[in-house]
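> Pasting the sequence and the predicted coordinates here, then a few questions.
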Amino acid sequence: MHSEPTLTLQHARQQCEQQLTQAGLTDSPALDCELLLMHSLQQPRSYLYTWPEKPLTPFQQQQFHTLIAQRTAGHPIAHLLGEKEFWGLPLKVTPDTLIPRPETELLVETALNLLQKKPKFAENFQNPQSCSQNLSLLDLGTGTGAIALALASELPNTQITATDFSPHALQIAQLNAQRLNLPVQFAQGSWFEAVEASQTFDLICSNPPYIDPNDPHLTQGDVRFDPLTALTAEKQGLAELETIIHQAPSHLNTENGLGWLLVEHGYDQKEAVQHLFQQAGFHQIETLNDYADHPRITLGQLS
């Protein structure tokens with residue numbers, strides 16, 4: 001019976017990088033290979049560099065080659081590892097959830113900046129454990145729980161509610177909250193249907209589906225493996241954004257001087273989204289660019 005030649009860690013990485021590059025996965029082949037090898041070995045990155053000449057066991061080698069084959073077929077790294085880091089938090093991901101993207105961290109950063117600007121809430125950041133000022137935040141369409149859990153990690157005394165219409169996504173979000181020991185309240189339902197009609201929040205944020213169903217990018221890269229319901233929306237990708245923006249005013253509390261709504265959207269939707277904010281009665285409307293300098297987050301305040 002023919003067996004594969006034994007690979008050292010160094011040769012395994014080199015072989016993997018070559019295969020991914022040949023398959024056209026040229027964005028981050030070296031990093032992808034490190035992550036797949038770390039997963040196969042159940043070892044940290046430092047192990048790869050400390051023991052480059054260490055051979056893989058036959059089982060590790062088989063597992064590594066299986067992962068390489070799946071990656072070259074286009075499967076996202078996050079699905080192969082079962083995990084994706086967001087805001088420094090390791091989040092479990094499955095094909096039932098949208099893979100958290102780095103650009104969505106801008107939404108978390110913006111929300112925290114808005115809260116820090118209010119003197120009465122400064123104590124939430126300076127001494128969060130003993131803070132007496134309660135904040136109430138809502139994350140609509142939470143998926144893995146990425147946004148809600150990132151905010152909870154920064155604001156331990158804050159009441160955070162996270163919703164999703166998908167029970168499977170909510171199960172993953174709840175599991176992530178338990179693993180990270182972060183207190184978030186979860187509710188199932190489509191957008192504001194998941195909360196009480198009279199319930200209000202100081203700040204509402206959402207990363208809803210905003211891609212046109214006919215967008216050719218849906219057949220490329222990692223998004224091929226994301227659930228379509230988490231990606232696409234009718235009306236050229238604006239239908240869900242329109243629902244959220246128009247219904248948000250009745251769920252925003254303006255008594256604390258906040259009353260902010262923040263949404264993520266497509267790079268070409270800035271004007272349309274700002275118009276929706278204006279129609280809904282928001283002011284101080286602003287759009288922020290992501291790290292690739294694309295319009296990505298629009299926010300507005302209700303007075």
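Yes, it's here.

> pLDDT score assigned to the closest residue in space to Asp226 that isn't next to it in sequence?
Using C-beta to C-beta, 6 or more residues apart in numbering and skipping the chain neighbours, the partner closest in space to Asp226 is Leu98 (5.3 Å). C-betas here are computed from N, CA, C, even on glycine. Leu98 carries a pLDDT value of 90.

> wait, what's in contact with Leu98?
143-144, 207, 226-227, 230-231 (C-beta atoms under 8 Å, 6 or more residues apart in numbering).

> cool, and Asp268?
Listed by C-beta under 8 Å, 6+ apart, the contact partners of Asp268 are Pro295.

> quick one, phi/psi of it?
The phi/psi pair for Asp268 (degrees, to the nearest 10) reads phi -110, psi 20.

> on that earlier part again, now tabulate the contacts of Leu98 in JSON lines and tack on pLDDT and neighbour count.
Below are the contacts of Leu98 laid out as JSON lines (pLDDT from 0 to 100; neighbours: other C-beta atoms under 10 Å):
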{"residue": "Gly143", "pLDDT": "95", "neighbour count": "28"}
{"residue": "Thr144", "pLDDT": "97", "neighbour count": "27"}
{"residue": "Asn207", "pLDDT": "97", "neighbour count": "25"}
{"residue": "Asp226", "pLDDT": "83", "neighbour count": "25"}
{"residue": "Pro227", "pLDDT": "85", "neighbour count": "17"}
{"residue": "Ala230", "pLDDT": "85", "neighbour count": "21"}
{"residue": "Leu231", "pLDDT": "88", "neighbour count": "19"}
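
> nearest to Asn134, of those?
Asn207 (24.6 Å; C-beta to C-beta).

> Does Gly266 belong to a helix, a strand or coil?
The three-state assignment at Gly266 reads coil, by DSSP: H, G, I helix; E, B strand; the rest coil.

> Would you mind measuring from it to Val273?
9 Å (C-beta to C-beta, to the nearest Å).

> Of the two, which one has the most company?
Using other C-beta atoms under 10 Å as the criterion, Gly266 and Val273 rank with Val273 on top: 24 against 21.

> ok, that one to Val223 distance?
Distance from Val273 to Val223, by C-beta to C-beta: 20 Å.

> Now do the strand or helix carrying Thr110: everything it contacts.
In this structure, Thr110 sits in helix 105-116 according to DSSP states H and E. Helix 105-116 has contacts (C-beta under 8 Å, 6+ apart) with 86-87, 121-122, 124-125, 135, 137, 147, 150-151, 154-155, 203, 205, 207, 258, 260, 262, 264, 288, 290-291, 296-297, 299.

> 7 Å - rerun?
Applying C-beta atoms under 7 Å, 6 or more residues apart in numbering, the set of residues contacting helix 105-116 from outside is 86-87, 121-122, 124-125, 135, 147, 150-151, 154, 203, 205, 207, 260, 262, 264, 288, 290, 296-297, 299.

> Then stretch 278-290?
Contacts for stretch 278-290 (C-beta under 7 Å, 6+ apart): 103, 106, 110, 245-246, 248-249, 261, 270, 274, 277, 295-303.

> Pull out the buried positions in it.
280, 282, 285, 287-288, 290 (16 or more other C-beta atoms under 10 Å).

> Just the ones in strands from these, please.
285, 287-288 (DSSP state E).

> The helix holding Thr110 to strand 283-289, inter-axis angle?
Calculated by axes from the mean of the first three to the mean of the last three C-alpha atoms, to 10 degrees, helix 105-116 forms an angle of 140 degrees with strand 283-289.

> ranges for the helices of the stretch 201-303 of the chain?
With DSSP state H, counting those that start in this stretch as the criterion, the stretch 201-303 of the chain has helices at 234-237, 239-247, 270-279.
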